[in-house]
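A.B. asks: sequence and computational prediction follow.
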Amino acid sequence: MPSYDASMRNLARARARWRPPRLWRSSEESQMIRRFALQWFSCVDRNKPSGRAWARALGISHVWLLKLVRRFAADPGEARRLQCEGDPKFADLDHARSYTRELRRRGELRLFR
């Protein structure tokens, strides 16, 4: 059985080397996805698409879409801040995705499996 001191030294060494994981997408793309999720959440149209269909169109999981919706319901201030930026446009989302691809190419973001 290793000694307590050796275990603590190993733990300190591991903590010193730990780095937070890199992000999956750029902050601009995440912001655009949040705006589109808010648009879906606040839509009152009878022909509103399902959450899974909306998430598929955005290229995200429906679980993340529902997580964002819960966050909007819990913090209406965030929803108001996103609404102040205006309606999102798919051209802006495409621009944000191209920026994400550039960051991924430079190695600043995680690669998809």
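C.D. replies: In hand now; what should we look at?

A.B. asks: what's the spacing between stretch 4-21 and its chain's center?
C.D. replies: The offset between the C-alpha centroid of stretch 4-21 and the centroid of the whole chain comes to 29 Å, using Cα atoms, centre = their mean, to the nearest Å.

A.B. asks: please apply the same query to stretch 102-113.
C.D. replies: Its chain's C-alpha centre lies 15 Å from the corresponding centre of stretch 102-113 when counted by Cα atoms, centre = their mean.

A.B. asks: quick one: low-confidence parts of this protein?
C.D. replies: 113 (pLDDT under 70).

A.B. asks: run the last query once more with 90
C.D. replies: Regions of the chain meeting the criterion pLDDT under 90 cover residues 1-2, 19-26, 43-46, 83, 85-87, 104-113.

A.B. asks: most centrally placed residue in it?
C.D. replies: In the chain, the C-alpha closest to the average C-alpha coordinate belongs to residue 30, at a distance of 4.7 Å (Cα atoms, centre = their mean).
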